[in-house]
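K.L.:
Turn this into a structure:
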Amino acid sequence: VDAAYEAAAEAQESWAEQPPAARAEVVQNLLGLLEEHEDEITSLLTQEVGGSPAMGATSIQIASDHAGEAATLPRRMKGETAESNIPGKENRLFREPKGVVTVISPWNFPLNLSMRAVAPAIAAGNSVVLKPSTQSPITGGLLFAKLLEEAGLPEGVLNVVVGRGSEIGDRVASHPESDVVAFTGSTEVGRHVAGLAGENLAVPAMELGGNNAHVVTGDADLDRAIDGAVFGSFVHQGQVCISINRHIVHESVYDEYVERLTERAAELPAGSAHEEGTVVGPIIDESQRDEMLEYVERTVDAGATLETGGETVDLDGVEDSLVVAPTVLSDVDNEMAAACNEHFGPIAPVIPFSTVEEAIELANDTEYGLSGAVHAGDLGVAEKIAHGMETGNVHINDQPINDEAHVPFSGVGASGVGHYNSDAFLEEVTETKWISVQKEPRDYPF
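P.N.:
Here you go, the predicted model:
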């Protein structure tokens, strides 16, 4: 770890001195290499994190979007001038890289969640120390070292350190050479990481957990709402920070919604991610699987109805598989385990509501505020609910899983601090320097 930061600090100044076109070219080359090696990267995602081909294609598409946006940043680091209260003075503002950016990325979507921090940080003239998750050291880390080396990035600008967080995580988060710590992961770990970063006054950019609500009103287009619900709950086995954690559905359409969601969930192909056509593949490991199944069991014990799923899928020759069947729970309230916790699995708890005000109250009854969605026939009502939801992102007549590199992305409450994407993340990894020029003699009071 220390060697990585020493290399990063040594390489950063000369990298920052490179002209914008040179820095943009490296990131543009990275974008080309992503496209060139798409099949290999998709295969790696399947092998390492159980991603289906659809998950791999989505990951590469989002990662490419972030690389493409990052390639434009060097030419967007523009300064400005400001009027002065002092006669004869000119104020000039310059945007400069922070220095060394630490990136700690998660296992669930390792490719694009590493890319959204690494590419813009490098494009802006910083060097990077990248610590991928223990579960995804290749697709979240070593792959970037390989691709960026081939893309022409000078030695030392990117340094990948793999290893167990329990052994090296604290040193990475608290290293005195680090100027920014960009972390994506659980709220519990994120609070610890932000505290360590703060000891060195490093800027924390934290995207943390979520408990995202999918609100469906009585006049919503149920076809669209169900389509969004199936994708938003079950893509990549629900292992997405911005996936649907709770379905909050008006009582007038509640029974139909539950019935149709259950039918769709039961039909989803679940099994090995290596099998063509699989939609719901394996959970990342046994502990995650056991935790989410425990949430389901506790929710049923508390009075909910298990409509489908709630168990592992039998695979040939595999005992206690990691594949959890798509699960729908009805008669749920916000206090039940599968609703009040971020279950991070293919689980869809459905909660009824009667008024718009109740829907907003239910959606906000959580410490998290990452993403959300609203389906309503009346756009005015949809916007009222969206504005009332205390979350960083809300998507009307869609589902919560959205990420566009040119649109700022952030969470509120226990879902994080700081921003990602475009100029918002550029602000995190750069510093504004004020230089004034006194062009004529100044009068002083003494």
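K.L.:
residue ranges of the helices in the stretch 251-400 of the chain, please?
P.N.:
Taking DSSP state H, counting those that start in this stretch as the test, the helices found in the stretch 251-400 of the chain are 254-267, 286-301, 337-340, 356-364, 379-388.
K.L.:
Tell me where the model's unsure across the stretch 101-250 of the chain.
P.N.:
In the predicted model, the stretch 101-250 of the chain carries no residue with pLDDT under 70.
K.L.:
Tell me which stretches of it form helices.
P.N.:
Going by DSSP H, counting those that start in this stretch, the stretch 101-250 of the chain shows helices at 110-123, 143-151, 170-174, 187-199, 222-234.
K.L.:
Contacts only, for Ala424.
P.N.:
The neighbourhood of Ala424, defined by Cβ atoms under 8 Å, 6 or more residues apart in numbering, consists of Pro408, Phe409, Ser410. For the C-beta atoms, the positions are set from N, CA and C on the backbone; glycine is no exception.
K.L.:
which residues pair with the second one across the strands?
P.N.:
If I follow you right, that is Phe409. Tyr420 (DSSP bridges).
K.L.:
Met206 and Ala117, how far apart?
P.N.:
11 Å (Cβ to Cβ, to the nearest Å).
K.L.:
whoops, Gly210 was the one
P.N.:
If you go by Cβ to Cβ, the gap between Gly210 and Ala117 works out to 18 Å.
K.L.:
and what of Ile62?
P.N.:
13 Å.
K.L.:
These two: who's more crowded?
P.N.:
Higher neighbour count among Ile62 and Ala117: Ala117, with 28 against 20, using other Cβ atoms under 10 Å.
K.L.:
Contact partners for the more buried one?
P.N.:
Counting by Cβ under 8 Å, 6+ apart, Ala117 makes contact with Val101, Val103, Ser105, Val128, Ala182, Thr184, Ala205, Tyr420, Phe425.
K.L.:
Can you give me the pLDDT of the last one?
P.N.:
When you say that, I think you mean Phe425. Here the pLDDT value assigned to Phe425 is 97.
K.L.:
Excluding sequence neighbours, find me the nearest residue to it.
P.N.:
In space, and not counting its chain neighbours, Phe425 is closest to Pro120: 5.3 Å by Cβ to Cβ, 6 or more residues apart in numbering.
K.L.:
The one you found contacts Gly68, correct?
P.N.:
No - judged on Cβ atoms under 8 Å, Pro120 makes no contact with Gly68 at a distance of 11.1 Å.
K.L.:
For these two, indicate the residue with more neighbours.
P.N.:
Taking other Cβ under 10 Å, Pro120 and Gly68 do not tie; Pro120 has more neighbours (32 against 17).
K.L.:
Roughly how far does the more buried one sit from Ala424?
P.N.:
In terms of Cβ to Cβ, Pro120 sits 10 Å off from Ala424.
K.L.:
Could I get the phi/psi values of Glu431?
P.N.:
phi -120, psi 140 (degrees, to the nearest 10).
K.L.:
can you start the count at 12 instead of 1 from here on
P.N.:
Sure, I'll start numbering at 12, so the last one becomes Glu442.
K.L.:
In contact with it, which residues are there?
P.N.:
Arg106, Glu107, Pro108, Lys109.
K.L.:
filter those residues to the buried ones?
P.N.:
With burial judged by 16 or more other Cβ atoms under 10 Å, the buried subset of those is Arg106, Pro108, Lys109.
K.L.:
Identify the bridge partners of the second one.
P.N.:
Here Pro108 shows beta-bridge partners Thr441, assigned using DSSP bridges.
K.L.:
Thr83 versus that one, what's the distance?
P.N.:
16 Å.
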